[in-house]
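Visitor: Dropping the sequence and predicted coords here.
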Amino acid sequence: EGQLVESGGGVVQAGGSLRLSCTASSGFSRNDAVIGWFRQAPGKEREGVSCIDMKEGTTHHKSFVKGRFTISADKAKNTVFLQMNDLKPEDTAVYYCASGPFFIRTMRPYEYRTWGQGTQVTVSS
């Protein structure tokens with residue numbers, strides 16, 4: 001299986017925007033039916049943020065980011081994006097992308113098989 005590589009993290013002030021990228025080094029395969037973005041803040045469990053069905057294009061966003069974050073895919077570039085607007089200090093975390101075989105809205109980490117190394121997002125108040 002190919003690797004997933006995240007990029008686009010950084011430091012931004014509250015109310016600002018960032019766009020994260022998740023690129024599949026060997027392209028997306030049939031096993032990458034869903035691509036999800038997760039995040040993990042210090043001392044907290046990893047939580048699902050947004051996911052996209054790579055075949056149907058269906059997306060799902062958790063309630064705490066709905067209206068602020070948008071997930072999208074550019075299959076020609078083997079990349080999935082997470083556009084993050086109106087960022088808040090509580091969005092500070094390491095953000096990971098992951099691929100899995102099924103589009104499931106619960107977004108439990110164990111439902112995903114391949115993970116990237118993560119990219120840090122820090123939102124200052």
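Guide: Structure received.
Visitor: Where does pLDDT dip in this structure?
Guide: 1 (pLDDT under 70).
Visitor: any idea where the helices of this structure begin and end?
Guide: With DSSP state H as the criterion, the chain has no helices.
Visitor: Beta-bridge partners for the residue nearest the centre of it, please?
Guide: Closest to where the C-alpha atoms of the chain average out (CA atoms, centre = their mean) is residue 37, at 2.1 Å. Here residue 37 sits in beta bridges with residue 50, residue 97, as judged by DSSP bridges.
Visitor: ok, it to residue 125 distance?
Guide: Using CB to CB, to the nearest Å, residue 37 is found at 23 Å from residue 125. Just so you know, the C-beta spots here come from the backbone N, C-alpha and C atoms, and that holds for glycine as well.
Visitor: For residue 87, grab the count of nearby residues.
Guide: The local packing of residue 87 (other CB atoms under 10 Å) involves 22 other residues.
Visitor: ok, it - contacts?
Guide: Contacts of residue 87 were listed using CB atoms under 8 Å, 6 or more residues apart in numbering, and they are 12, 14, 15, 16, 17, 18, 68, 121, 123.
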